[in-house]
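> below are the sequence and a predicted model for it; my questions follow.
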Number of protein chains: 4
Amino acid sequence: MSEFAPQNPDFVEVVRASFARQGLMQALGIALAEVGPGRCVLEALPDPRLTQQQGFFHGALIGAMLDCAGGYAAYSLMPAGSDVLTTEYKINFLAAARGERLIARGRVIKPGRTLTVAMAEAFCRRDGGEHLCAVLLQSLIQVPVPAA
Amino acid sequence: MSEFAPQNPDFVEVVRASFARQGLMQALGIALAEVGPGRCVLEALPDPRLTQQQGFFHGALIGAMLDCAGGYAAYSLMPAGSDVLTTEYKINFLAAARGERLIARGRVIKPGRTLTVAMAEAFCRRDGGEHLCAVLLQSLIQVPVPAA
Amino acid sequence: MSEFAPQNPDFVEVVRASFARQGLMQALGIALAEVGPGRCVLEALPDPRLTQQQGFFHGALIGAMLDCAGGYAAYSLMPAGSDVLTTEYKINFLAAARGERLIARGRVIKPGRTLTVAMAEAFCRRDGGEHLCAVLLQSLIQVPVPAA
Amino acid sequence: MSEFAPQNPDFVEVVRASFARQGLMQALGIALAEVGPGRCVLEALPDPRLTQQQGFFHGALIGAMLDCAGGYAAYSLMPAGSDVLTTEYKINFLAAARGERLIARGRVIKPGRTLTVAMAEAFCRRDGGEHLCAVLLQSLIQVPVPAA
């Protein structure tokens, strides 16, 4: 399915362990739905914690989920002993984000030894379909795991 | 202090009321520290809810705070009866975000009838000083207040 | 082929006429290779006018071509009597841009009455294949044609 | 004047020599007006080669000049034996770019061993004043000078 070969055979566990350490993702009730080589999917359900002033999913939440979805897509391709940091991202909001589920799909466009470029798209599930509501373009840097 | 004249004399109350309706900001314990014409400051204290996998302030949190700081800076200049939506933003992360306080300062660069452009900078207070850790560049659109 | 229906039946002529008025595109020898509803392709050949300091296609040239390719993709869907302006774009460079031809493909992601969001990708043709070298994410605004 | 100390005492000559090798800048008649530690200014005069479809300075030209102004601002702080490449930039257009001179001012926000972040602003000189027309936020990477 994917065009990328992971360098770390344990990449799924490594990604899941890192995600579990992110207090922000836990505090917001965001779920890691899927991890594959060069891709990652996060999901959120409607919740008063996740709203903007009109009651829709907050754009900043969407930014946070897309940042993480792209970041873990990139991390899935990095070697053992590395960590990942976002150096920058850009997000365009396309439509009001309302629905019964918010889905953030990240995928690597270009892996690299230093920098990886990823994209991520946010979809709202409603009325039996998925509606694109935001798109993100992002750079990530591979760094050594910090000493404990 | 500011180069911009507000169109709505009640802009401080309008911004504060909108901020109070943002479930995401409340859930994360983010405070609206200051509002002025064309500027807004948000603050957060260290909290397990706000961390990334290394225990620092999460980049996506910084993105969320800068998005809101710039957005409310823009909103402060809009006429009564309007609401504000972010159409896009871009953030560059400059340094690990650790310290005793995270401060997001937004300010309008160019107000407009349809689109407003804002910047926002994130600082970490530590060791008696403020350290720039991220910068955001953003577009916002003025829309009518949705009918109740 | 395209998911979008043009509002202006003469969109191909309108796009070509606008492109022909862009002194910058003419000065750089850039060709408008294709226009369709919601998409546009520009091409350039290697030329000393188009280089950066190492002799490759200049990143700023790639930005210019992607900006125009996305902009004309957006313009193709706008009604008669309108003009298009870029409000912002972001570009990520993925690889050195060398080859026998530089191809910029723009397509609309989300058309809108006020704002349209487009993407564009740059490819270098070399060694019998096409190599992705940059990706752009962009906002465009529909404005009235200025009075003559 | 500047907060940054250059690592290469010959940085002015190195920047000027690199600029002179950029065929694109020469083809467009863009001048390198100033170089300092962590800053760079480029200028252009009105010219049919530099226009968009309404006769103003082309947004893509502004993007090209800001990209180079920020890039050479970054390069001025890099050690001897290095070259600079843009990895990404984002530009917001604030106003129509018309006037008797277009000025692009780049400055480093955060230098780094691998990545440097820069900003650049474009001003149009007209009616005896300078008018901000675009702002850019950019990442640059230090690479070894390619072998001859």
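Looks like it came in fine. Numbers count the residues shown, from 1 in each chain, chains lettered A, B, ... in the order given.

> who are the packing partners of the host helix or strand of A:H131?
Using DSSP states H and E, A:H131 sits within strand A:129-144. Judged by 3 or more Cβ pairs under 8 Å, 6 or more residues apart in numbering or on different chains; DSSP states H and E, the packing partners of strand A:129-144 are helix A:59-75, strand A:82-93, strand A:115-126, strand C:82-93, strand C:101-110, strand C:129-144. (Glycine included, C-beta is placed from N, CA and C.)

> out of the ones you listed, deepest packed?
helix A:59-75 (a mean of 29; mean count of other Cβ atoms under 10 Å in any protein chain shown).

> quick check: mean pLDDT across that helix?
Average pLDDT, helix A:59-75: 96.

> next one: stretch A:12-28
Here stretch A:12-28 scores 93 as its mean pLDDT.

> re the thing from before, centre of the chain versus the strand holding A:H131, how much separation?
6 Å (Cα atoms, centre = their mean, to the nearest Å).

> what angle do that strand and strand D:115-126 make?
120 degrees (axes from the mean of the first three to the mean of the last three Cα atoms, to 10 degrees).

> and the closest residue to A:G106 other than its chain neighbours, how far from C:G81?
Excluding the flanking residues, the one nearest A:G106 by Cβ to Cβ, 6 or more residues apart in numbering or on different chains is A:A69, at 3.2 Å. Here A:A69 is placed at a distance of 41 Å from C:G81 (Cβ to Cβ, to the nearest Å).

> enumerate the residues of chain A near chain D.
A:T87, A:E88, A:K90, A:T114, A:L115, A:S139, A:I141 (Cβ under 8 Å from any Cβ of the partner chain).

> what's the farthest-apart pair in those residues?
A:K90 and A:T114 (19.5 Å; Cβ to Cβ).

> rewinding a little: which one of the helices and strands packed on strand A:129-144 lies closest to C:L32?
strand C:101-110 (10.3 Å).

> paired strands for the closest one, with orientation please.
strand C:39-44 (antiparallel), strand C:115-126 (antiparallel) (DSSP bridges).

> can the worst-scoring helix or strand of chain A on mean pLDDT be found next to chain B?
The weakest-scoring helix or strand in chain A, judged by mean pLDDT, DSSP states H and E, is helix A:23-27 (a mean of 90). Yes. Applying Cβ under 8 Å from any Cβ, one finds helix A:23-27 in contact with chain B at A:G23, A:L24, A:Q26, A:A27.

> need the contact list for the last one.
Right, the one you point to is A:A27. By Cβ atoms under 8 Å, 6 or more residues apart in numbering or on different chains, the contact set of A:A27 is A:R49, B:A27, B:L28, B:P48, B:R49, B:L50.

> rerun at 7 Å
B:R49 (Cβ atoms under 7 Å, 6 or more residues apart in numbering or on different chains).

> same question, the one 10 residues further on
With contacts defined as Cβ under 7 Å, 6+ apart, A:P37 is in contact with A:S2, A:F4, A:A5, A:P6, A:S76, A:L77.

> could you pull up phi and psi at the closest residue to the fourth one other than its chain neighbours?
The shortest distance from A:P6 to any residue that is not its chain neighbour, by Cβ to Cβ, 6+ apart, is 4.5 Å, and that residue is A:P37. With angles defined as degrees, to the nearest 10, A:P37 sits at phi -70, psi 110.

> returning to what we had before: got the CA positions of the least confident helix or strand of chain A in CSV?
Extracted in CSV, the C-alpha atoms of helix A:23-27 (Å, rounded to 0.1, in the frame of the first residue of the first chain):
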residue,chain,number,x,y,z
GLY,A,23,-0.1,14.9,27.5
LEU,A,24,-1.9,17.2,25.1
MET,A,25,-3.3,14.4,22.9
GLN,A,26,-4.5,12.6,26.0
ALA,A,27,-6.0,15.7,27.6
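
> on that earlier part again, which among the contacts of A:P37 count as buried?
Among those, those scoring as buried are A:P6, A:S76, A:L77 (criterion: 16 or more other Cβ atoms under 10 Å in any protein chain shown).

> phi, psi for the last one please.
Read it as A:L77. phi -100, psi 0.

> per-residue confidence at the closest residue in space to it that isn't next to it in sequence?
Leaving aside its chain neighbours, A:L77 sits nearest to A:P111 (4.9 Å; criterion: Cβ to Cβ, 6+ apart). Note for A:P111: predicted pLDDT of 97.

> again with A:A148
Note on A:A148: pLDDT of 62.

> so A:F123 is in contact with A:A134, correct?
No. Counting by Cβ atoms under 7 Å, A:A134 is not a contact partner of A:F123; they are 8.9 Å apart.

> ok, the residue most central in space within chain A to A:R21 distance?
Central residue of chain A (Cα atoms, centre = their mean): A:A69, 0.9 Å from the mean position. Look at A:A69 and A:R21: by Cβ to Cβ, they are 17 Å apart.

> is it true that A:R98 touches A:C124?
Yes. Assessed by Cβ under 7 Å, A:R98 is found in contact with A:C124 at 6.2 Å.

> returning to what we had before: could you tell me the angle between the strand holding A:H131 and strand B:82-93?
30 degrees.

> what's the angle from strand A:129-144 to helix A:59-75?
Going by the same axes, to 10 degrees, strand A:129-144 makes 60 degrees with helix A:59-75.

> so what strands line up beside strand A:129-144?
strand A:82-93 (antiparallel), strand A:115-126 (antiparallel).

> got a markdown table for those, with distance to B:L32 and mean pLDDT too?
Shown next, in a markdown table, are these (distance: least, Cβ to Cβ, whole Å; pLDDT from 0 to 100):
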| stretch | distance to B:L32 | mean pLDDT |
| --- | --- | --- |
| strand A:82-93 | 22 | 96 |
| strand A:115-126 | 26 | 98 |
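
> tabulate these (CSV), appending distance to D:R107.
Formatted as CSV, those follow (distance: least, Cβ to Cβ, whole Å):
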stretch, distance to D:R107
strand A:82-93, 18
strand A:115-126, 23
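
> tell me the contacts of the residue nearest to A:G59 when sequence neighbours are not counted?
Distances taken as Cβ to Cβ, 6+ apart put B:T86 closest to A:G59, at 5.0 Å, once the chain neighbours are dropped. Contact analysis of B:T86 by Cβ under 7 Å, 6+ apart lists A:G59, A:F93, B:D67, B:G71, B:Q138, B:L140.

> out of the residues you listed, which one sits closest to chain D?
For these, the residue nearest chain D by Cβ to the nearest Cβ is B:Q138; the value is 8.2 Å.

> list the contacts of the closest one.
By Cβ under 7 Å, 6+ apart, the residues touching B:Q138 are B:D67, B:G70, B:T86, B:E88, B:Y89, B:V117, B:A118, B:A120.

> many thanks, have a good one.
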